[in-house]
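Novice: Return atomic coordinates for the entry below.
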Amino acid sequence: MSVLYLDNAATSDPKPAEVVLAVSACMRDANANPGRGAHRRAVAAARIVYEARVRLTELVGVADPAQVVFTAGCTDALHLALRGLLGSEAGRVVCSAFEHNAVWRPLRDWARRTGGELVVIPPGRDGAPLDLDALAGAARRSRLCVLTHASNVTGAILPVAEAAEICRRHAMALLVDAAQTAGHLPEGWEAMGASLVSCSGHKGLLGPQGTGLLYIRPGVDLPPVRLGGTGGNSEEDVPPADLPERYEAGTLNTPGIAGLGAAANVLLRMGLPARRRAELDLLDGLLRNLRGIPGVQVIGPAAARARTGCVSLTVDGWDPARVADVLDQRFGIATRAGLHCAPLAHRTLGTFPEGTVRVSAGWKTTPSDIEAVVRALDWVARHQEADVCASI
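Specialist: Residues are numbered from 1 along each chain as shown. Model (predicted):
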């Protein structure tokens with residue numbers, strides 16, 4: 001049975017052919033350490049890294065490529081930012097109620113180690129995913145605000161530009177987790193006004209796993225948390241002061257970066273506004289049809305434009321994990337069930353501890369794919385879990 005892949009919020013699939021070819025070519029023709037040595041393969045590897053950085057900064061809306069650091073993923077980028085900004089000092093940090101464990105766990109660890117105060121900003125009373133008035137109230141005497149740009153559970157887009165203005169007025173740093181929006185939304189990172197922005201390379205950016213980015217706004221003082229070889233300033237016992245080398249200790253994932261650079265080329269040709277329009281068309285159809293199925297409850301914003309390309313749902317009388325299993329085993333549809341590494345979000349939404357079924361479209365998802373998952377969920381909703389699972 002062929003697989004209809006609708007788990008793109010976890011990892012995008014398929015990867016563009018250019019990405020696969022770029023990874024292979026890099027390993028064949030530039031299998032050397034970038035920034036180390038002057039032989040032709042090392043120079044070729046360094047060129048791959050530089051060109052990928054330039055293309056990616058153009059894609060995400062950053063003027064100076066040196067301000068974007070390559071990381072091993074969004075979790076790695078977030079740890080670099082959080083450990084560097086917070087260190088071992090106490091204080092107050094605020095975050096949204098929709099943070100992924102890649103944010104929540106490091107913040108909880110910081111609070112336990114230092115006695116720091118962690119304030120969770122609730123959703124707005126009007127259904128907005130963030131209460132901006134509550135954020136403004138909590139911003140006083142706070143060191144840092146951490147916000148996901150969009151929930152990985154519902155796709156709800158948070159008002160990061162408005163939050164950035166509040167943070168600016170209170171001289172508070174803002175770290176944005178753009179794992180779910182990079183490559184999806186055309187909004188540029190510098191235009192957000194955030195101090196730092198992180199993302200993974202393997203989701204909306206269409207790159208390989210094990211890649212990520214961290215944007216550091218000029219003037220942000222971020223001590224490095226990982227020290228080691230950088231290929232330059234080797235005579236010194238401290239890391240170089242210049243970006244991006246200051247934060248790229250150790251050998252970079254050059255094949256992954258080659259693939260990520262190729263993916264950026266694909267997205268630049270496609271155009272993020274065009275990609276967003278196509279995504280909204282799919283979301284409109286999915287939301288409209290799901291709300292017509294008795295027993296299916298859609299979680300999150302009603303309007304497609306308030307979301308990225310993922311939708312969480314529950315089916316009355318069914319455990320979400322069982323729904324996902326039936327979609328996979330009976331219909332060949334890959335989705336994601338459970339807590340999505342975001343238990344705080346599910347507690348906020350009232351879907352803890354079972355979680356939800358998440359359907360997330362990708363760059364190759366078609367209207368017929370959406371019709372197929374709607375038909376499958378309609379079938380599930382018209383049957384009893386015990387009867388169906390006994391027959392599998």
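
Novice: residues touching the spatially most central residue of the chain, list them.
Specialist: What sits nearest the mean C-alpha location of the chain, by C-alpha atoms, centre = their mean, is residue 179, with 1.1 Å. Residue 179 sits next to 74, 100, 102, 148, 149, 152, 198, 199, 200, 203 when contact means C-beta atoms under 8 Å, 6 or more residues apart in numbering. All C-beta spots, glycine's among them, are computed from the backbone N, C-alpha and C.

Novice: just curious, which of those is nearest to residue 387?
Specialist: For the contacts of residue 179, the residue nearest residue 387 by C-beta to C-beta is residue 152; the value is 32.3 Å.

Novice: so that closest one makes contact with residue 310?
Specialist: Yes. Contact criterion C-beta atoms under 8 Å: residue 152 and residue 310 qualify, at 7.3 Å.

Novice: distance of the nearest residue to residue 338 once chain neighbours are set aside from residue 194?
Specialist: Sequence neighbours aside, residue 355 is the residue nearest to residue 338 in space, at 4.3 Å (criterion: C-beta to C-beta, 6 or more residues apart in numbering). Using C-beta to C-beta, to the nearest Å, residue 355 is found at 29 Å from residue 194.

Novice: residue ranges with poor pLDDT in this structure?
Specialist: 1, 230-235, 237, 390-392 (pLDDT under 70).

Novice: biggest helix in it, by residue count?
Specialist: Of all the segments of type helix in the chain, defined by DSSP state H, the longest one is helix 40-60.

Novice: need the helices for the stretch 1-150 of the chain, in chain order.
Specialist: 17-29, 40-60, 74-86, 101-114, 132-139 (DSSP state H, counting those that start in this stretch).

Novice: and of these, who's closest to residue 186?
Specialist: Nearest to residue 186 among those is helix 40-60 (9.8 Å), distances taken as C-beta to C-beta.

Novice: what sits against the closest residue to residue 54 other than its chain neighbours?
Specialist: In space, and not counting its chain neighbours, residue 54 is closest to residue 65: 5.1 Å by C-beta to C-beta, 6+ apart. The contact partners of residue 65, by C-beta under 8 Å, 6+ apart, come to 50, 53, 54, 57.

Novice: Could I get the contacting residues of residue 379?
Specialist: Per C-beta under 8 Å, 6+ apart, neighbours of residue 379: residue 331.

Novice: Let me know the helix or strand that it is in.
Specialist: Per DSSP states H and E: residue 379 is located in helix 367-381.

Novice: Determine how far that helix lies from the middle of the whole chain.
Specialist: Put simply, helix 367-381 sits 26 Å off its chain's centre (C-alpha atoms, centre = their mean, to the nearest Å).

Novice: pull the CA atoms of it into PDB?
Specialist: Taking C-alpha atoms only, helix 367-381 is exported to PDB below (Å, rounded to 0.1, in the frame of the first residue of the first chain):
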ATOM      1  CA  PRO A 367      -6.800  18.600  -3.000                       C
ATOM      2  CA  SER A 368      -7.300  14.900  -3.700                       C
ATOM      3  CA  ASP A 369      -5.100  14.100  -0.700                       C
ATOM      4  CA  ILE A 370      -7.300  16.200   1.500                       C
ATOM      5  CA  GLU A 371     -10.400  14.500   0.100                       C
ATOM      6  CA  ALA A 372      -8.900  11.100   0.900                       C
ATOM      7  CA  VAL A 373      -8.200  12.000   4.600                       C
ATOM      8  CA  VAL A 374     -11.700  13.500   4.900                       C
ATOM      9  CA  ARG A 375     -13.300  10.300   3.600                       C
ATOM     10  CA  ALA A 376     -11.200   8.200   5.900                       C
ATOM     11  CA  LEU A 377     -12.100  10.300   9.000                       C
ATOM     12  CA  ASP A 378     -15.800  10.200   8.000                       C
ATOM     13  CA  TRP A 379     -15.500   6.400   7.900                       C
ATOM     14  CA  VAL A 380     -13.900   6.300  11.300                       C
ATOM     15  CA  ALA A 381     -16.500   8.600  12.800                       C
END
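
Novice: After it, which helix or strand is next?
Specialist: Counting by DSSP H and E, what follows helix 367-381 is helix 385-391.

Novice: quick one, helices of the stretch 251-392 of the chain?
Specialist: Going by DSSP H, counting those that start in this stretch, the stretch 251-392 of the chain shows helices at 254-270, 272-290, 320-331, 343-349, 367-381, 385-391.

Novice: So which bits of the first one are buried?
Specialist: For helix 254-270, the buried set under the neighbour-count rule, 16 or more other C-beta atoms under 10 Å, comprises 254-267.

Novice: repeat for stretch 36-48
Specialist: Buried residues in stretch 36-48 (16+ other C-beta under 10 Å): 36, 42, 44, 45, 46, 48.

Novice: quick one: contacts of that stretch?
Specialist: 26, 29-35, 229, 231, 251, 254, 257-258, 261.

Novice: Also stretch 320-334?
Specialist: By C-beta under 8 Å, 6+ apart, stretch 320-334 touches 1-7, 314-315, 335-338, 354-357, 372-373, 376-377, 379-380, 385, 388-389, 392.

Novice: got the contact list for residue 218?
Specialist: 64, 67.

Novice: Is it correct that it falls within a strand?
Specialist: No. Using DSSP: H, G, I helix; E, B strand; the rest coil, the secondary structure at residue 218 is coil, not a strand.

Novice: for it, phi and psi?
Specialist: phi -50, psi 140 (degrees, to the nearest 10).

Novice: Quick check: it vs residue 192, distance?
Specialist: Applying C-beta to C-beta to residue 218 and residue 192 gives a distance of 14 Å.

Novice: and the host helix or strand of residue 168, what does it pack onto?
Specialist: In the assignment (DSSP H and E), residue 168 maps to helix 160-169. If you count contacts as 3 or more C-beta pairs under 8 Å, 6 or more residues apart in numbering; DSSP states H and E, helix 160-169 packs onto helix 132-139, strand 144-148, strand 173-177, helix 189-192.

Novice: what distance separates it from the centre of its chain?
Specialist: On C-alpha atoms, centre = their mean, the centre of helix 160-169 falls 20 Å from that of its chain.
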